[in-house]
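Peer 1: Generate coordinates for the sequence data below:
(2 chains)
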Amino acid sequence: MEANKTWKNPIVAWIDNRLPIFSMMNADLVDYPTPKNLNYWWNFGSLAGIMLVIMILTGIFLAMHYTAHVGYAFESVERIMRDVNYGWLMRYMHMNGASMFFIVVYIHIFRGLYYGSYKPPRELLWILGVFILLAMMATAFMGYVLPWGQMSFWGATVITNLFSAIPLVGQSIVTWLWGGFAVDNPTLNRFYAFHYLLPFIIFALVFLHLWALHVHKSNNPLGIDVKGPQDMIPFTPYYTIKDAFGLGVFLIVYLGFVFFAPNFFGEPDNYIKANPMVTPPHIVPEWYFLPFYAILRAITFDIWFIPAKLIGVTMMFGSIIVLLFLPWLDRSPVRSARFRPLYRQFFWLFLVDCFVLGAAGGHPPEGHWIWIGQVATAYYFAHFLIILPLLSYLEKPRQLPSSISAAVTPGGVGISAKGVAE
Amino acid sequence: MKPVTCALAALALSLSLAASVWGGRAEAAEAVAPPEVDWSFSGIFGTFNRASAQRGLEVYKQVCSSCHGMDLVSYRALTGIGLSPEQVDALAATHEVNACCTDAGEPFTRPAKAADRFVSPFPNPQAARTANNGALPPDLSLIEKAREGGADYIHAVLTGYEETPPAGVTLMPGMYYNKYFPGHQIGMPPPLSDGIVTYSDGTEATLDQQATDVVTFLTWAAEPTMEARKETGVKVLLFLIVLTAFLYALKRKIWSDVH
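Peer 2: Numbers count the residues shown, from 1 in each chain, chains lettered A, B, ... in the order given. The predicted structure is shown next:
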């Protein structure tokens, strides 16, 4: 907690006097005061950070053996699988890691939605998180193109073509993105370059996200401000051990897929080399994009002079952009859904709506799935633009507890002035 | 409703929606569900039955390889299904590969070596199409991973031919009726039948035996590192389960003064 902590080891003390890196680590990882009532949903932030590191490390090893050329990309991935020592492990960890990263981040986001973590004074923290999500989506999309399978190629073709919906300059933008007149070698090369660059941008955004977090500290399941040291415990050892235990459980699930069902989240078509002359019967994005894919396809009609495609594309991007405004759409002063009887029900409805969108995105747009996708899309936007603003005024929140320690652990320890638990 | 009930209801509904996506995939392919086969390589302790995989290699050599290549598999990898290096060298040497060049700059051919990839039956896709009624026989290196249904599906297609299509189905010229192939019309003539292959180990070459053996071989070819993966996985997960149990105990102990 104190800036100029005295260190016993003379070398550490010497360094810390000139560059207080040890003091910083101590303040942010050891003594860092944390609400004492965080539940296991709070584990997913650190899990997301660990996933980012795993993705960067496995990715760098893959990059040492991968060839970004339409003639060799598919073969080089298979060489990694067959001939590179533990190449199969690096590749399956990276491949399943993408799915796990999204699972963890989606849980992290919904935790923020439930407990109102986006509300003052944490609006910027939330907005930085939305930017991280956007950067993750771009990274994942471009990474999926690199193995140069059928789904890589056709996914890239469908998604890049979305930009052709922009009036007047759309087609020129698509040509510019492709570096030619179709998805081809220049496209693969630049996607590889960006796929390598973006994770480091995510890393920088995560740094800002944590910086913002450490100013006002973690929200908590009660959503009330900490009232004093009795409401807090130091991060180490309490949350270091809780995060370590959570990491153990998470790794069992993650590596369970890696070792025993490594292609569970994948599409068989991506084990067929990209072929511009053969279109797969059913082009689907990776599962984590399905809800957004459903929103994109929901608009099947032109509105006045605006073509359906442009509206669909705008709504797809809008479905993420609307999250940026969430802190101002939800004006309720109460953060946690525990004390918001109406919001709590709409939260679960919204979660179900996201799964409905995912299912609609996974099915071919035929029969019932068309209107199901349209209703679910309308509800997605209604949740943010109509329901949340209305609830802010109509809902009568329940009585908030006077403090964290009074509500959950009247007899437990807290932080003393020195920053250690007593 | 209590929050827990709410959450469980939402979870149940969500999972059923996720399952519907899986169902939708099969629907989209218009395929009949392939019968499940009890494979030697399935399950977390599964390994490739060496004898079956080697018989599968014989099926590939005697039947499949007249039309299908395996560009991603090298001869040396066959030690993975129990061939000796000498057997691998001998098998490779039965094929010729193009090489470049003599000192005078002339291209020449040489016998294949263990490090070479399986030699393809056709020099290029056009030649393959010309010889096959316009259809391109797919490369088999990854076929087990590249088809919905995997090993069960390949086995089903190999055994799913019917000489006379059901009433009302008209086949296009040069096509064959297959119960499990999407659309039911397949360009590949029935490749296997009782006794078409002679096994060197004396096993009776029934249709089902051949299909089971060749699918075991193809599954190995699609991922020769599968055994290493599962073996490592069992050790890693056992370690993680013990470690996580200790971490939980430690967590309980450290947190005991907070609760």
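Peer 1: what about the closest residue to A:Asn189 other than its chain neighbours, how many neighbours?
Peer 2: Of all residues not flanking A:Asn189 in the chain, A:Ala68 sits nearest, at 5.3 Å (CB to CB, 6 or more residues apart in numbering or on different chains). Backbone N, C-alpha and C define where each C-beta goes, glycine included. Neighbourhood size, A:Ala68 [other CB atoms under 10 Å in any protein chain shown]: 20.
Peer 1: Equivalent analysis for the one 4 residues further on, please.
Peer 2: For A:Tyr72, the neighbour count with other CB under 10 Å is 13.
Peer 1: Same check on the one 5 residues further on?
Peer 2: Summarising burial for A:Val77: neighbours were counted as other CB under 10 Å, giving 24.
Peer 1: wait, what's in contact with it?
Peer 2: A:Tyr66, A:Arg91, A:Leu146, A:Pro147, A:Trp148 (CB atoms under 8 Å, 6 or more residues apart in numbering or on different chains).
Peer 1: quick one on the thing from earlier: now the residue nearest to A:Asn189: how far from A:Met93?
Peer 2: 20 Å (CB to CB, to the nearest Å).
Peer 1: Residue ranges of each domain in the chain, please.
Peer 2: With no chain named, the answer covers chain A. A:36-261, A:288-399 (automatic domain parsing).
Peer 1: that's the other chain; I wanted chain B
Peer 2: Here the domain parsing of chain B from automatic domain parsing is B:1-30, B:34-73+B:140-222, B:225-253.
Peer 1: Tell me which of those is the most buried.
Peer 2: Mean neighbours per residue, mean count of other CB atoms under 10 Å in any protein chain shown, is largest over the domains of chain B for domain B:34-73+B:140-222, with a mean of 18.
Peer 1: Cross-check the contact I'm expecting between B:Ala93 and B:Pro111.
Peer 2: Yes. Contact status for B:Ala93 versus B:Pro111: in contact at 4.4 Å, counting by CB atoms under 8 Å.
Peer 1: where does the stretch 301-422 of chain A have low pLDDT?
Peer 2: For the stretch 301-422 of chain A, the stretches with pLDDT under 70 are A:409-411, A:416-422.
Peer 1: So which residues on it come close to chain B?
Peer 2: With CB under 8 Å from any CB of the partner chain as the criterion, the stretch 301-422 of chain A meets chain B at residues A:338, A:344-345, A:348, A:351-352, A:355-356, A:358-359, A:362-364, A:409, A:412-413, A:421.
Peer 1: just checking, which of these belong to helices?
Peer 2: Among those, the ones falling in helices (DSSP state H) are A:Arg344, A:Gln345, A:Trp348, A:Leu351, A:Val352, A:Phe355, A:Val356, A:Gly358, A:Ala359, A:Gly362.
Peer 1: Make CSV from the domains of chain B and add distance to B:Gly134 and mean pLDDT to it.
Peer 2: Formatted as CSV, these follow (distance: least, CB to CB, whole Å; pLDDT from 0 to 100):
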stretch, distance to B:Gly134, mean pLDDT
domain B:1-30, 22, 59
domain B:34-73+B:140-222, 8, 95
domain B:225-253, 35, 98
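Peer 1: Quick one, which of these gets closest to chain A.
Peer 2: domain B:225-253 (2.5 Å; CB to the nearest CB).
Peer 1: quick check, distance from the closest one to the centre of its chain.
Peer 2: 29 Å (CA atoms, centre = their mean, to the nearest Å).
Peer 1: re the thing from before, quick one, which of the domains of chain A gets closest to A:Ile11.
Peer 2: A:Ile11 sits nearest to domain A:36-261 of all the domains of chain A, at 21.9 Å, using CB to CB.
Peer 1: Now the terminal residues of the closest one, how far apart.
Peer 2: In domain A:36-261, first residue to last residue: 38 Å (CA to CA, to the nearest Å).
Peer 1: What are the boundaries of the helices in chain B?
Peer 2: Ranges of helices in chain B, per DSSP H, are B:3-28, B:50-62, B:85-93, B:125-131, B:150-159, B:207-222, B:226-255.
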